[in-house]
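> Next one to model:
(2 chains)
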There are 2 protein chains.
Amino acid sequence: LPHTLVSEKNPLLKQVRRAAADGTLTEDGFALAEGRHLLEEAVRSRLEIHAVIAAESHAELAVDARVLRVSDSAFARLTSTEAPQGLLTLVRPRAWTMDRLLHGTPLIVVLDGIQDPGNAGAILRAAEAFSATGAIFLKGTVSPYNPKCLRGSAGSIFRLPFLTGFEPATLVDTFDHARIRLYAADPRASTTLAEADLTAGCGFIIGAEGRGVSPALSAQAAGLRIPTAAVESLNAAVAAGILLYEASRKRGVA
Amino acid sequence: LPHTLVSEKNPLLKQVRRAAADGTLTEDGFALAEGRHLLEEAVRSRLEIHAVIAAESHAELAVDARVLRVSDSAFARLTSTEAPQGLLTLVRPRAWTMDRLLHGTPLIVVLDGIQDPGNAGAILRAAEAFSATGAIFLKGTVSPYNPKCLRGSAGSIFRLPFLTGFEPATLVDTFDHARIRLYAADPRASTTLAEADLTAGCGFIIGAEGRGVSPALSAQAAGLRIPTAAVESLNAAVAAGILLYEASRKRGVA
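This next block holds a predicted model:
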């Protein structure tokens, strides 16, 4: 396939710069996957690859996709990370349905206002690792398509079913209807994580650090205590990982 | 105490700019703690506060320490983070000994080449939360005094005993001598985390993502498998959190 050196005025590059700055999909709906590892993960996950953008100094690529070469300085303006490795893949993400997330015995992680894209990505990765059936990004949460979230997910975002833009009330209705129990980590809850029965369909709400779980949600959720000493809270991704690990262990998967 | 508006040429500010850029202590040995929460944590942890630097626009402070006021633009050059809140505290960290880390039944987390300061901080926080006796930063690991590590630790760095700059061989000798078992997460290990007896003194080695645990160390460590599906590895802080949670659970603390 042809390798073309394109100018900074190329319309696709303009779209990429805007999406990178905003931390979202491009106008045409492609996610920005930075680095070689995510390119490999996108291929492995059988996603549509719209194009690969490579810095001029990047080694030759053997990839079954259109490759656009740009100058190193133009490339630097396409990425939000410090070590972008000179490689950026435009990937068409899958579209998921709620039915797909509720498949089998649901285990769902709900991101409630998480702002740090690295944390959001680490949560998606832990969710896939512990066989969660999906993730839900509530309104006010970082975009799952933020390039740093993609990197943090290490490719799990290409495979784990997820939905975005939910209002808390819609989530509560949907889960009620599907008989999925909502849990929220709460340092004052009487039930510890070890005591909770997590073998039926359930969802874990992960609140933003400092702010915690939205009041509208925590009122509808059962509290679960991760027994900790001294600290006010755990890092959001660490807390999510521990909850998912326990659910997986109790279900006999981990 | 007097609030003085100081110029950018103030020698202390020069030290702070250099330490912030390098992600280390200042020349005089003070850690840079950004934001109100870390100031409160430093006070609560009874550490020596050398000075508080506040942006001109920051509200008046009621704090029992020397406050230096600087212009907002000068303040912006003192910090490495995006939302520094106009407040920076210079804190004298405690000096710890290996004896202190080996106190009681040791539970130690070993950071082996972790580069991301946010991850390192989240690991320190999880270590304190699950009653670890300390943390060891091997050579080639991010400085615990990187301002982003302090923020990620949410103050745990002020209380959790830790040591830095260890060579792998020294660590192995020390742990051998103290009869502390070294464990490393390994997806190919036959023993799962749930099966391992973690009630005796033990240490968990957390390798850098992508690179894993140093060969010199993994040869000396017992492998532990966190049963995961599909993913190559977990985020380093998530993995550390799960290991520490399990140890704490098995010791009857969590």
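
> Which other helices and strands does the helix or strand hosting residue A:245 contact?
Using DSSP states H and E, the secondary-structure element containing residue A:245 is helix A:236-250. Helix A:236-250 sits against strand A:107-112, helix A:117-129, strand A:181-185, strand A:202-207, helix B:117-129, helix B:236-250, with contacts defined as 3 or more C-beta pairs under 8 Å, 6 or more residues apart in numbering or on different chains; DSSP states H and E. Yep, even glycine has a C-beta here, placed from its N, CA and C like the rest.

> what's the second one packed up against?
Same thing as helix A:117-129. In terms of contacts (3+ C-beta pairs under 8 Å, 6+ apart), helix A:117-129 is packed against strand A:107-112, strand A:134-138, helix A:147-153, helix A:236-250, helix B:236-250.

> Secondary structure element holding the closest residue to residue A:5 other than its chain neighbours?
Closest residue in space to residue A:5, ignoring its immediate chain neighbours: residue A:69 at 4.5 Å, by C-beta to C-beta, 6 or more residues apart in numbering or on different chains. Remark: residue A:69 resides in strand A:67-70, with elements defined by DSSP H and E.

> Report the buried residues of that strand.
In terms of neighbour count (16 or more other C-beta atoms under 10 Å in any protein chain shown), strand A:67-70 has its buried residues at A:67, A:68, A:69, A:70.

> can you list the residues of the stretch 1-150 of chain A near chain B?
For the stretch 1-150 of chain A, the residues in contact with chain B under the definition C-beta under 8 Å from any C-beta of the partner chain are A:37, A:116, A:118, A:121, A:122, A:125, A:126, A:128, A:129, A:130, A:131.

> Go again with 7 Å.
Proximity of the stretch 1-150 of chain A to chain B is confined to A:118, A:122, A:125, A:126, A:128, A:129, A:130, A:131 under the rule C-beta under 7 Å from any C-beta of the partner chain.

> now, which of those sits nearest residue A:44?
Distance to residue A:44 across the residues of the stretch 1-150 of chain A next to chain B (C-beta to C-beta) is lowest for residue A:128, with 12.9 Å.

> Would you mind measuring from the closest one to residue B:90?
Plainly put, residue A:128 is 42 Å away from residue B:90 if you go by C-beta to C-beta, to the nearest Å.

> before we move on, the earlier item: just how off-centre is the strand holding residue A:69 within its chain?
27 Å (C-alpha atoms, centre = their mean, to the nearest Å).

> And for the nearest residue to residue A:231 once chain neighbours are set aside, the neighbour number?
If the residues on either side of it in the chain are set aside, residue A:231 comes closest to residue B:129, at 4.5 Å by C-beta to C-beta, 6+ apart. Applying other C-beta atoms under 10 Å in any protein chain shown, we find 29 residues neighbouring residue B:129.

> Please list all residues in contact with residue B:129.
The contact partners of residue B:129, by C-beta atoms under 7 Å, 6 or more residues apart in numbering or on different chains, come to A:228, A:229, A:230, A:231, A:234.

> same thing but at 6 Å, please
Contacts here follow C-beta atoms under 6 Å, 6 or more residues apart in numbering or on different chains; on that basis residue B:129 touches A:228, A:231, A:234.

> The closest residue to the first one other than its chain neighbours and residue A:9, how far apart?
With sequence-adjacent residues excluded and distances taken as C-beta to C-beta, 6+ apart, residue A:228 is closest to residue B:129, at 3.7 Å. For residue B:129, the distance to residue A:9 under the criterion C-beta to C-beta works out to 51 Å.

> swap in residue A:72?
Relative to residue A:9, and taking C-beta to C-beta, residue A:72 is found at 17 Å.

> which stretches of chain A have low pLDDT?
Low-confidence segments of chain A, defined by pLDDT under 70, are located at A:1-4, A:81-84, A:253-254.

> Give me the longest strand you can find in it.
The strand spanning the most residues in chain A, taking DSSP state E as the definition, is strand A:48-55.

> List the buried residues in that one.
Taking 16+ other C-beta under 10 Å as the neighbour-count basis, strand A:48-55 is seen to contain the buried residues A:49, A:50, A:51, A:52, A:53, A:54, A:55.

> same check, this time on stretch A:224-233
In stretch A:224-233, residues buried by neighbour count (16+ other C-beta under 10 Å) are A:224, A:225, A:226, A:227, A:228, A:231, A:233.

> likewise stretch A:35-48?
Those would be A:35, A:36, A:37, A:38, A:39, A:41, A:42, A:43, A:45, A:47, for stretch A:35-48 by 16+ other C-beta under 10 Å.

> how about the first one, what does it touch?
For residue A:35, the contacting residues are A:85, A:87, by C-beta under 6 Å, 6+ apart.

> Give me the distance between it and residue A:120.
Counting by C-beta to C-beta, the gap from residue A:35 to residue A:120 is 18 Å.

> that older thread, turn the buried residues of strand A:67-70 into JSON lines, columns for distance to residue B:195.
Formatted as JSON lines, the entries for the buried residues of strand A:67-70 read as follows, by distance: C-beta to C-beta, whole Å:
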{"residue": "A:67", "distance to residue B:195": "47"}
{"residue": "A:68", "distance to residue B:195": "50"}
{"residue": "A:69", "distance to residue B:195": "51"}
{"residue": "A:70", "distance to residue B:195": "51"}
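
> Now flag whichever of the residues you listed is closest to chain B.
Relative to chain B, the closest of the buried residues of strand A:67-70 is residue A:67; by C-beta to the nearest C-beta it sits at 23.9 Å.

> For residue A:39, see how far away the closest one is.
Look at residue A:67 and residue A:39: by C-beta to C-beta, they are 11 Å apart.

> re the thing from before, any of the residues of the stretch 1-150 of chain A next to chain B buried? List them.
Buried by 16+ other C-beta under 10 Å: A:118, A:122, A:125, A:126, A:128, A:129, A:130, A:131, out of the residues of the stretch 1-150 of chain A next to chain B.
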